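[1] what shape does this take:
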Amino acid sequence: MSRESIEKEPTADVGSSGATADVVSARPAANVGSARPGVGSSEVLVGTKVKGKKVEKGLKEKQKIKLEETKSSNEGEDLKSHVYGTLHSRMSPSSIVQVIEKCSENQLKAIRAIGFGSMEFLKVTQLPLQLGLWLVHHFDANTCSLNISDSEPFCITEEHVHQVLGLPMGGIVIDKNNFSRDKKVIQQWKKQFKSNSLSIKIGELKEFLKEHNSAGLMFKRNFVVLCVSTLMDGKQNVNINYDILTFLSDVDKIKDLNWCKYILDSLMKAKLFWEERQTRSFPGSLLFLMLLYVDQFVIKEVRAKRETPVLKGHNH
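    Numbers count the residues shown, from 1 in each chain. Now for the predicted structure:
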């Protein structure tokens, strides 16, 4: 099977040190709008391996970005707020990668049982926000489409989310009108932590998962909460998205939920929210947008031979 990756110079992921990083984006844009920050021309090096042969493509010149650092109050834990132009993001896939690396076989089986087994293949720890900003500007929240110049509008569907991330596209819609919060489950969840609170930092939940060997019901809930908070629907601060707990009372039904629709709905809401004030952190799934863009626009010639889910072919 073929493997595909975006080759770029190192970037700093959430929680790493360093203030400056080079990022190579996958699409140039001289100006994304008169009222929006200009994005300088950039370069993409797409390394595509097909039967041992690598094909590289270059697009214009690269440019540097800076990472602005903010510190959380969680016992000295550092969390980077990535910045390029006006795009901020407090979401990073690195937390999921680190947790998966520490999982026992029983825990991996538990993750597969709830339909999140594709996360085992996630190796991307860094999000190039130069590309992210460009994609966010070209994502139309009203039509759920990518409007790329010189291309027809690309309508994004739930099936695309499933193909890219490999998450369940079940028949149960994640809608608060169809669920009620189980107070007993919420109390049990809070008791896991010293603060006995819902306001848990992403880093705290990540470390909790790494340090505990349980593969039971609460482990499954915790893993989903981490995935939602870092890959799907983030917050403006460094805390987890505890709202998702409303839908996790019946763990056996997690695999039956429509996570693909949830990600798209969250992405559309995130764009509208961010457009109102572009100094806000972007809370939608940049990882999905980036992988979708590379899959659909950058490496068309090998798509027929690609692995699915698409994230399985990317390791940078």
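
[2] tell me how far the residue lying closest to F297 once chain neighbours are set aside lies from L127.
    With CB to CB, 6 or more residues apart in numbering as the criterion, F297 has its nearest non-adjacent residue at 6.4 Å, and that residue is I148. C-betas here are computed from N, CA, C, even on glycine. When distances are taken as CB to CB, to the nearest Å, I148 and L127 turn out to be 19 Å apart.

[3] which of those two has more neighbours?
    When neighbours are counted by other CB atoms under 10 Å, I148 and L127 differ, and L127 comes out ahead with 22 against 17.

[4] the closest residue to the more buried one other than its chain neighbours: how many residues sit nearby?
    Ranked by CB to CB, 6+ apart and with sequence neighbours excluded, the top spatial neighbour of L127 is L286, at 5.3 Å. A count of neighbours around L286, defined by other CB under 10 Å, yields 27.

[5] how close does L286 get to W134?
    For L286, the distance to W134 (CB to CB) stands at 11 Å.

[6] just R181 next, same as before
    Per CB to CB, R181 is found 38 Å from W134.

[7] wait, N315 touches L122, no?
    No: here N315 does not reach L122: they are 9.3 Å apart, not a contact under CB atoms under 8 Å.

[8] the more surrounded of these two?
    Taking neighbours as other CB under 10 Å, N315 and L122 compare with L122 leading, 22 against 14.

[9] looking at R181 and W134, which is more packed in?
    Taking R181 and W134 together and counting by other CB under 10 Å, W134 has the greater number of neighbours (25 against 13).

[10] helix, strand or coil for that one?
    Secondary structure of W134, reduced to three states by DSSP: H, G, I helix; E, B strand; the rest coil: helix.

[11] pLDDT at it, what is it?
    Predicted confidence (pLDDT) at W134: the value is 95.

[12] show me the contacts for Q163.
    Residues in contact with Q163 (CB atoms under 8 Å, 6 or more residues apart in numbering) are 295, 308-310.

[13] check those for burial and list the buried ones.
    By the neighbour-count criterion of 16 or more other CB atoms under 10 Å, the contacts of Q163 include these buried positions: 295, 309-310.

[14] out of these, the closest to I172 would be?
    Ranking the buried ones among the contacts of Q163 by separation from I172, with CB to CB as the measure, puts P309 on top at 20.8 Å.

[15] and the gap between the closest one and I186?
    As for P309, its distance to I186 is 31 Å (criterion: CB to CB).

[16] same check, this time on F288
    Distance, F288 to I186, by CB to CB: 28 Å.

[17] these two: which has the busier surroundings?
    Just comparing F288 and I186: by other CB under 10 Å the higher neighbour count belongs to F288, 24 against 16.

[18] quick one: list the elements packing against the biggest helix by length in the chain.
    For the chain, the helix that runs over the most residues, judged by DSSP state H, is helix 259-276. For helix 259-276, the elements it packs on are helix 158-165, helix 286-293, judged by 3 or more CB pairs under 8 Å, 6 or more residues apart in numbering; DSSP states H and E.
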